[in-house]
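A.B. asks: no sequence on this one, just coordinates:
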């Protein structure tokens with residue numbers, strides 16, 4: 001049992017009770033937030049807050065080094081809080097839908113590539129958890145007070161574990177932004193294993209702008225310990241990475257190779273697609289079992305007819321008829337993540353809510369089908385299948401549909417795919433045959449193009465846990 005130690009200030013006469021192992025805590029409100037259980041506090045306190053000798057103690061036991069022993073009941077609606085903003089690895093742009101929590105113990109190692117990551121739980125016995133809003137902000141209410149309080153920042157396989165030096169009781173403690181960016185390299189935390197089939201769009205350079213350290217880029221599998229492995233398509237794209245020749249993407253698109261990765265980026269292959277044989281089934285299997293797949297422009301080949309699997313063909317009205325369609329681009333705000341995307345763009349890029357400017361767009365998708373989410377569209381493109389808009393970015397979860405041709409619920413899905421009908425860097429078209437990382441990147445502007453801002457949101461959102469996309473992201477369960 002725990003003892004309640006009353007601290008009284010002359011100015012406010014506010015009673016503050018500190019949890020200490022070994023005494024009776026029947027007068028303690030274990031949430032300290034009025035019992036509303038908000039911001040990830042899963043269990044509300046339904047007690048009256050009065051000391052009644054007959055009331056049983058139903059709060060979580062406080063034993064030994066349990067951080068719950070450091071929680072403080074401040075009285076009234078006052079709580080001990082942690083707040084802050086989560087940033088990309090570069091520490092420049094905020095990130096949406098990132099899980100932030102105080103663990104009671106060290107989190108477990110992350111699952112192997114291909115594991116199914118559905119939303120709802122995280123390891124480490126969370127005491128309180130939240131997810132960042134469209135501006136990257138979070139608030140954790142009723143956290144432990146004292147020195148060296150652990151904090152975890154996680155989205156998909158990106159995870160950083162830090163220590164907040166001091167958390168003062170009964171106030172809002174703002175976490176220094178240097179602690180709340182994602183890791184830029186493995187020495188700073190966990191990162192997903194990413195494979196890039198490089199060609200006409202230098203996504204390697206865009207990822208570098210996101211803040212991923214150059215040491216994490218390596219040529220293909222087995223060529224180093226980095227987390228971003230680069231392959232080349234049709235002798236195009238990045239033919240060397242840090243001086244080492246990149247292997248052909250045909251070796252990447254095999255089941256045995258794909259199982260080494262969490263995410264596959266198929267860039268535009270510079271020309272109309274050719275038949276890649278068994279690669280389509282291998283990529284579909286990778287996606288269905290938990291992989292993340294992002295493609296742009298001609299990479300529709302992995303989703304659309306005539307080569308893409310029937311499952312992914314059903315996700316949208318694929319046109320497979322490339323053409324420039326430059327026109328105003330709009331954000332679909334009819335679902336929670338679409339609205340967050342619009343707000344995120346305004347907060348990080350500026351401009352008008354619900355709109356953005358893309359260059360060198362194509363017309364490979366009409367409308368979306370089943371449970372596919374449409375993020376970006378153009379309104380004056382040729383109609384297809386009754387849809388008067390051309391989709392510029394879409395995302396769907398996998399497996400896509402049931403045997404009856406209906407959308408599967410999120411509880412039966414593991415993977416997520418995205419398709420962007422534009423280049424991340426519009427001025428790089430043509431696929432130079434002598435590109436090398438990082439040398440080629442050093443010839444490009446260091447500033448982010450509008451398309452790259454869109455890709456940043458797309459990239460990090462693609463790796464998040466699987467959920468019902470019609471609902472706003474919710475924090476994982478926590479035990480106060």
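C.D. replies: That came through fine. What you see is a predicted model; the values in this text were computed from it and never measured.

A.B. asks: Show me which helix or strand of the chain is least confident by mean pLDDT.
C.D. replies: The least trusted helix or strand in the chain, going by mean pLDDT, DSSP states H and E, turns out to be strand 2-7, with a mean of 34.

A.B. asks: Surely residue 293 and residue 420 touch.
C.D. replies: No: shown here, residue 293 and residue 420 do not form a contact pair, counting by C-beta atoms under 8 Å, at 11.8 Å. Heads up, the C-betas are built off the backbone N, CA and C, glycines and all.

A.B. asks: Would you state the helices of the stretch 201-350 of the chain in chain order?
C.D. replies: Chain-ordered helices for the stretch 201-350 of the chain, with DSSP state H, counting those that start in this stretch as the definition, fall at 203-209, 255-258, 279-288, 310-313, 336-348.

A.B. asks: Can you name every helix or strand that the last one contacts?
C.D. replies: The helices and strands touching helix 336-348, judged by 3 or more C-beta pairs under 8 Å, 6 or more residues apart in numbering; DSSP states H and E, are strand 329-331, strand 373-378, helix 450-462.

A.B. asks: Output the below-cut-off pLDDT ranges for the chain.
C.D. replies: Along the chain, the parts satisfying pLDDT under 70 run over 1-61, 222-223, 320-326, 380-388, 426-433.

A.B. asks: Could you chop it up by domain?
C.D. replies: 81-187, 193-462 (automatic domain parsing).

A.B. asks: Nearest to residue 147, out of the helices of the stretch 201-350 of the chain?
C.D. replies: When the helices of the stretch 201-350 of the chain are compared by C-beta to C-beta, helix 336-348 sits nearest residue 147, at 33.3 Å.

A.B. asks: Enumerate the positions of the closest one that are buried.
C.D. replies: For helix 336-348, burial by neighbour count (16 or more other C-beta atoms under 10 Å) applies to 336-348.

A.B. asks: same deal with stretch 101-118?
C.D. replies: 101, 102, 103, 104, 107, 110, 113, 114, 117.

A.B. asks: again with stretch 117-125
C.D. replies: For stretch 117-125, using 16+ other C-beta under 10 Å, the buried residues are 117, 119, 122, 123, 124, 125.

A.B. asks: Return the distance of that stretch from the chain's centre.
C.D. replies: 14 Å (C-alpha atoms, centre = their mean, to the nearest Å).

A.B. asks: now what about it, what contacts it?
C.D. replies: Around stretch 117-125, the neighbours that count as contacts under C-beta atoms under 8 Å, 6 or more residues apart in numbering are 99, 101, 103-108, 111, 129, 152, 154, 156-157, 290, 410-411, 413-414, 464-467, 473-474, 476-477, 479.

A.B. asks: Give me the more crowded residue out of residue 293 and residue 420.
C.D. replies: Neighbour count, other C-beta atoms under 10 Å: between residue 293 and residue 420, residue 420 has more, with 30 against 24.

A.B. asks: Can you give me every residue that contacts the more buried one?
C.D. replies: Going by C-beta under 8 Å, 6+ apart, residue 420 touches 294, 295, 296, 297, 392, 393, 454, 455, 458.

A.B. asks: Can you verify my assumption that the fourth one contacts residue 201?
C.D. replies: Yes: taking C-beta under 8 Å as the definition, residue 297 is a contact partner of residue 201 at 7.1 Å.

A.B. asks: More neighbours: those two, which one.
C.D. replies: A direct count of neighbours by other C-beta under 10 Å for residue 297 and residue 201 places residue 201 higher, at 30 against 25.

A.B. asks: The buried residues of stretch 117-125: which two are farthest apart?
C.D. replies: Most distant of those, by C-beta to C-beta, are 117 and 125, 18.5 Å apart.

A.B. asks: and residue 417, that's in a helix?
C.D. replies: No: the assignment for residue 417 is strand, going by DSSP: H, G, I helix; E, B strand; the rest coil, so no helix is present there.

A.B. asks: dump the residue contacts of it.
C.D. replies: By C-beta under 8 Å, 6+ apart, the contact set of residue 417 is 287, 292-295, 303, 312, 315, 395-398, 462.

A.B. asks: Most neighbours of all the residues you listed, which one?
C.D. replies: residue 303 leads the contacts of residue 417 on contacts (other C-beta under 10 Å) with 31 neighbours.

A.B. asks: which residue sits closest to residue 162, ignoring its sequence neighbours?
C.D. replies: residue 179 (4.5 Å; C-beta to C-beta, 6 or more residues apart in numbering).
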